[in-house]
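Visitor: Pasting a predicted model and its sequence here:
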Amino acid sequence: MMKNTRIVYLSFTKAQLNNLLLFIDDFDAYDKEEKMEDRFGHIDLNVRHNFQQALIEHFFPKEKRFGYFKIDSKIEMTQVLIKALQCAEFDFEHFVEYLSEEYSLPYSWVVQRKVQNYRMIYEEVYRMVVRYWGAELTAAGLDLPSEQALNIPSEEQA
């Protein structure tokens, strides 16, 4: 699997991988573990709705961090997100936990309640991208695949 993972990552530029990490950058606990535990330690990342609520409360509404991104940045970030979700061989766990030497999720997520599905993180990010940026992205000409086309379970199934 590691060999395939490396091959898959070669189809992404460093800038694209950085854009993919940018979606979860505010959850980065590297060198700020205690602060992040206070802020996000209560969230069980294995429950989709919990992570979705964290994205809604902290990142996606217009007045939050992602609301201030310009359309060109949103398009670039969304394109790489779609590319990663379309790639069956993309190893989200390896990407999040090991690819970046200066990135880590909060301790309680990774160790105490071991994340069981790292892809789910990006599935929920995509769901929020469509919800909060969808109209703007499609108006700019970006085709947003359906959740079903990206093998993202419906909210009812999740």
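Guide: That came through, no problem. Numbers count the residues shown, from 1 in each chain.
Visitor: Looking at Val110 now. What's its pLDDT?
Guide: Looking at Val110, its pLDDT is 58.
Visitor: Excluding sequence neighbours, find me the nearest residue to Thr138.
Guide: Closest residue in space to Thr138, ignoring its immediate chain neighbours: Leu144 at 6.2 Å, by Cβ to Cβ, 6 or more residues apart in numbering. Every residue, glycine included, has its C-beta placed from N, CA and C.
Visitor: sec struct for that neighbour, please.
Guide: Assigned by DSSP: H, G, I helix; E, B strand; the rest coil, the conformation of Leu144 is coil.
Visitor: which residues of the protein score low on pLDDT?
Guide: For the chain, the stretches with pLDDT under 70 are 1-7, 28-38, 41, 61-67, 98-113, 157-158.
Visitor: ok, now with 50
Guide: 1-3 (pLDDT under 50).
Visitor: In it, mark out all the helices, start to finish.
Guide: Remark: helices assigned in the chain by DSSP state H are 2-10, 14-22, 33-40, 48-58, 71-86, 92-94, 107, 118-139.
Visitor: Out of these, flag the one nearest Leu150.
Guide: Of all these, it is helix 71-86 that lies closest to Leu150, at 4.5 Å by Cβ to Cβ.
Visitor: what helices or strands is the closest one leaning on?
Guide: helix 14-22, helix 118-139 (3 or more Cβ pairs under 8 Å, 6 or more residues apart in numbering; DSSP states H and E).
Visitor: Which one, of those helices, ends up nearest to Phe60?
Guide: helix 118-139 (4.4 Å).
Visitor: same for that closest one, what does it pack against?
Guide: helix 48-58, helix 71-86, helix 92-94.
Visitor: To Ile152, which of those helices lies closest?
Guide: Ile152 lies closest to helix 71-86 among the helices and strands packed on helix 118-139, at 7.2 Å (Cβ to Cβ).
Visitor: Next, the angle from that closest one to helix 118-139.
Guide: Put simply, helix 71-86 runs at 140 degrees to helix 118-139, going by axes from the mean of the first three to the mean of the last three Cα atoms, to 10 degrees.
Visitor: what residue is smack in the middle of this structure?
Guide: Nearest to the mean C-alpha position of the chain, by Cα atoms, centre = their mean, lies Tyr122 at 3.5 Å.
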